[in-house]
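[1] Model the structure of this input:
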Amino acid sequence: MESKTEKTVNAILESYGKYELTSRLDEENIPNKNTIIEIVEKLRRVLFPGFFDSSKARSEYIKYLLGEQLEFIQYNLKKQIANAMGSKEICGECPKSTLAEKAQVLSQQFMEKIPKIREYLNTDVQAAYDGDPAAYSTDEIIFSYPGLFAITVYRIAHELYLLKVPMIPRIMTEYAHSVTGIDINPGAEIGKYFFIDHGTGIVIGETTKIGDYVKIYQGVTLGALSTRKGQQLKGVKRHPTIGDNVTIYSGTSILGGETVIGDGATIGGNAFIVSSVAAGTKVSVKNPELQFTGGDSDELKQGEF
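    Predicted structure coming up:
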């Protein structure tokens, strides 16, 4: 007679065969999430030398240390790209040799993008410092600002996205999302000098386009009007375009692929926008009427106590 534990085990095993969508048994080609996160952390050390090393990074040894870090990154990234490309949903029957060759090319192409990523991140750090009077130094921003962390991971993932590497870019940005509460799809196009202030609850969709010198606050959504058609919308411009020098304050939602926020516009907090806004426009939501009451006393006017 089966024990309760055996019955549970057998029931779970039966579900593995029944619900194949959520099982990946006996597969060699599947990305390792922990390794991808480790790659991200190694890349942060390369992108910000001296900030996240366990010991002091001396300039006379930096070439040796950099070479060691890049070797680790490329070797592991190549393996993870091959695994992602070889999953049964993407290329289940591809020869291992073909996957390895393609992964080698893609990993090398990515490595060549690192100077460009550093260039963009340098502008993002400067934008954060210029835009936040609470920032004591750029070092403080690099060490502690969740917005910069999310932007850093996005800029890494975006380059892999442009190379059409499957799965890995999204795993990276969802790692940043889990750490910061900031959800930036790797497909979004974001220009230089991008500043996220505070950051919690920000959502930036896949087909969003953001220009240079853009500043956004917590709780902002740059999203789609509707995703009810699901996969039929793949490749369609679903998210807004934000021009240069735009500021978007907290709690605002800007939705739709045809929605364009013109250069220099300022969008006030808690706005809900589904149509384009002309350049230089200031958008604000009219303050709701507040009522104040004090226990059993008569209704009080705002400001009266």
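
[2] Is G257 in a helix, a strand, or coil?
    Using DSSP: H, G, I helix; E, B strand; the rest coil, the structure places G257 in coil.

[3] Once you drop chain neighbours, what's closest to it?
    By the measure of CB to CB, 6 or more residues apart in numbering, the closest residue to G257 outside its immediate chain neighbours is K237, 3.7 Å from it. Every C-beta, even on glycine, is put in place using the N, C-alpha and C of the backbone.

[4] Got the confidence number for that neighbour?
    Per-residue confidence at K237 stands at 93 (pLDDT).

[5] And for D53?
    What the model reports for D53 is a pLDDT of 79.

[6] number of nearby residues for it?
    Taking other CB atoms under 10 Å as the neighbour definition, D53 ends up with a count of 12.

[7] From I62, how far out is the residue nearest to it when sequence neighbours are not counted?
    Leaving aside its sequence neighbours, D53 sits nearest to R45 (CB to CB, 6+ apart; 5.9 Å). Relative to I62, R45 is positioned 11 Å away (criterion: CB to CB, to the nearest Å).

[8] show me what contacts the residue nearest to G257?
    Neighbouring residues of K237 by CB atoms under 8 Å, 6 or more residues apart in numbering: 207, 257-258.

[9] Buried among those? Need that as a selection in ChimeraX.
    The ChimeraX command for the buried members of the contacts of K237 (criterion: 16 or more other CB atoms under 10 Å) is given here:
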select :207,257
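
[10] Pick the one among the contacts of K237 closest to F52.
    Using CB to CB, T207 is the member of these that lies nearest F52, at 32.0 Å.

[11] what's the closest one in contact with, if anything?
    With contacts defined as CB under 8 Å, 6+ apart, the neighbours of T207 are 187-188, 236-239, 257.

[12] those helices in the stretch 151-300 of the chain, which residues are they?
    Along the stretch 151-300 of the chain, the stretches classed as helices by DSSP state H, counting those that start in this stretch are 168-180.

[13] which one is K42 nearest to, not counting chain neighbours?
    In space, not counting the residues next to it along the chain, K42 is nearest to I73; the distance is 5.2 Å by CB to CB, 6+ apart.

[14] Comparing R45 and I62, which residue is more hemmed in?
    Relative neighbour count places R45 above the other of R45 and I62, with 18 against 12, counting by other CB under 10 Å.

[15] And the pLDDT at that one?
    pLDDT, R45: 94.

[16] And for K88?
    In the prediction, the pLDDT value recorded for K88 is 62.

[17] Spatially, which two of the contacts of T207 are the most separated?
    Considering CB to CB, no two members of these lie farther apart than A188 and V236, which are separated by 14.7 Å.

[18] Same drill for those two, tell me which one is more crowded.
    In this view A188 and V236 are compared by other CB under 10 Å, and A188 has more residues nearby, 20 against 11.

[19] Could you pull up the residues touching that one?
    Counted by CB under 8 Å, 6+ apart, A188 has contacts 154, 158, 204-210, 222, 239.

[20] switch to 6 Å and redo it
    With contact set as CB atoms under 6 Å, 6 or more residues apart in numbering, A188 has these partners: 204, 208.

[21] For the stretch 101-250 of the chain, which segments are assigned as strands?
    Under the criterion DSSP state E, counting those that start in this stretch, strands of the stretch 101-250 of the chain are mapped to 183-184, 189-190, 195-197, 203-204, 209-210, 215-217, 221-223, 241-242, 247-248.

[22] can you redo these as TSV with mean neighbour count, mean pLDDT and distance to K102?
    Output for those, formatted as TSV (neighbours: other CB atoms under 10 Å; pLDDT from 0 to 100; distance: least, CB to CB, whole Å):
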stretch	mean neighbour count	mean pLDDT	distance to K102
strand 183-184	24	98	27
strand 189-190	16	98	25
strand 195-197	25	97	34
strand 203-204	22	98	29
strand 209-210	20	98	29
strand 215-217	24	98	36
strand 221-223	22	97	33
strand 241-242	24	98	33
strand 247-248	23	98	39
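
[23] Please name whichever of those is nearest to I142.
    It is, among the strands of the stretch 101-250 of the chain and with distance given as CB to CB, strand 195-197, at 13.5 Å.

[24] quick one: the closest one to chain centroid distance?
    13 Å (CA atoms, centre = their mean, to the nearest Å).

[25] got it, and stretch 238-253?
    Here the centre of mass of C-alpha atoms in stretch 238-253, compared against the chain's by CA atoms, centre = their mean, lies 16 Å away.

[26] From one end of it to the other, what's the distance?
    With CA to CA, to the nearest Å as the measure, the first residue of stretch 238-253 is 14 Å from its last.

[27] Restrict the helix or strand containing T35 to CA atoms and write it as PDB.
    Following DSSP states H and E, the helix or strand that holds T35 is helix 33-47. The C-alpha trace of helix 33-47 is given here as PDB (Å, rounded to 0.1, in the frame of the first residue of the first chain):
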ATOM      1  CA  LYS A  33      19.500  32.000 -14.400                       C
ATOM      2  CA  ASN A  34      22.100  32.100 -11.600                       C
ATOM      3  CA  THR A  35      24.900  32.100 -14.100                       C
ATOM      4  CA  ILE A  36      23.300  34.900 -16.000                       C
ATOM      5  CA  ILE A  37      23.000  37.000 -12.800                       C
ATOM      6  CA  GLU A  38      26.600  36.300 -12.100                       C
ATOM      7  CA  ILE A  39      27.500  37.600 -15.600                       C
ATOM      8  CA  VAL A  40      25.500  40.800 -14.900                       C
ATOM      9  CA  GLU A  41      27.400  41.400 -11.600                       C
ATOM     10  CA  LYS A  42      30.800  40.700 -13.400                       C
ATOM     11  CA  LEU A  43      29.800  43.200 -16.100                       C
ATOM     12  CA  ARG A  44      29.000  45.800 -13.500                       C
ATOM     13  CA  ARG A  45      32.600  45.500 -12.200                       C
ATOM     14  CA  VAL A  46      33.900  46.000 -15.700                       C
ATOM     15  CA  LEU A  47      31.600  49.000 -16.400                       C
END
